[in-house]
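1. sequence? don't have it. structure:
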């Protein structure tokens, strides 16, 4: 189980997310210091998928950031999903962690992240 609260930094400012729900292998965290129309949640979920030699574990992190669109009335939501599938019988997390580091370092470059949201491939 992650610590409670967890801290996530964006735009140089850290936000504290308190655990608000736990159900089996799923936990939901919420920024408590935000107005009701600007809520932000992070959900961690772990599930077993496949059977036999195709058995895998799917680990997911989902960020839901409620926003107000440019007309200042219409609500909107930015949703980011990170999903990691790996074999149940994986002997070591080393290769999986290296692959995850590659993705996060790529997206840490602003131009690469912008290209992703601009639909470039």
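-> Nice, I can see it. Just so we're clear, the structure is a prediction, and the values are computed from it rather than from any experiment. Numbering: from 1, shown residues only.

2. what about residue 9, neighbour count?
-> Neighbours of residue 9 under the rule other Cβ atoms under 10 Å: 8. Where C-beta positions appear, they are placed from N, C-alpha and C, glycine not excepted.

3. which secondary structure element contains it?
-> Element membership for residue 9, per DSSP states H and E: strand 6-10.

4. Report the buried residues of that strand.
-> Within strand 6-10, no residue is scored as buried using 16 or more other Cβ atoms under 10 Å.

5. who's in contact with it?
-> Applying Cβ atoms under 8 Å, 6 or more residues apart in numbering, the contact partners of strand 6-10 are 14, 15, 16, 17, 19, 29, 42, 63.

6. Now render these as JSON lines, adding pLDDT.
-> Listed next are these as JSON lines, based on pLDDT from 0 to 100:
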{"residue": "14", "pLDDT": "90"}
{"residue": "15", "pLDDT": "91"}
{"residue": "16", "pLDDT": "94"}
{"residue": "17", "pLDDT": "95"}
{"residue": "19", "pLDDT": "97"}
{"residue": "29", "pLDDT": "97"}
{"residue": "42", "pLDDT": "96"}
{"residue": "63", "pLDDT": "96"}
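
7. which of these count as buried?
-> 15, 17, 19, 29, 42, 63.

8. Looking at the residues you listed, point me to the pair that's furthest apart.
-> Largest separation among those by Cβ to Cβ: 19 and 63, giving 15.1 Å.

9. what separates stretch 69-78 from the chain centre, distance-wise?
-> Centroid separation for stretch 69-78 versus its chain: 21 Å, with Cα atoms, centre = their mean, to the nearest Å.

10. Mind pulling up the pLDDT for the residue lying farthest from the centre of the chain?
-> Centroid-distance maximum for the chain: residue 52 at 28.1 Å, with Cα atoms, centre = their mean. Residue 52 carries a pLDDT score of 85 in this model.
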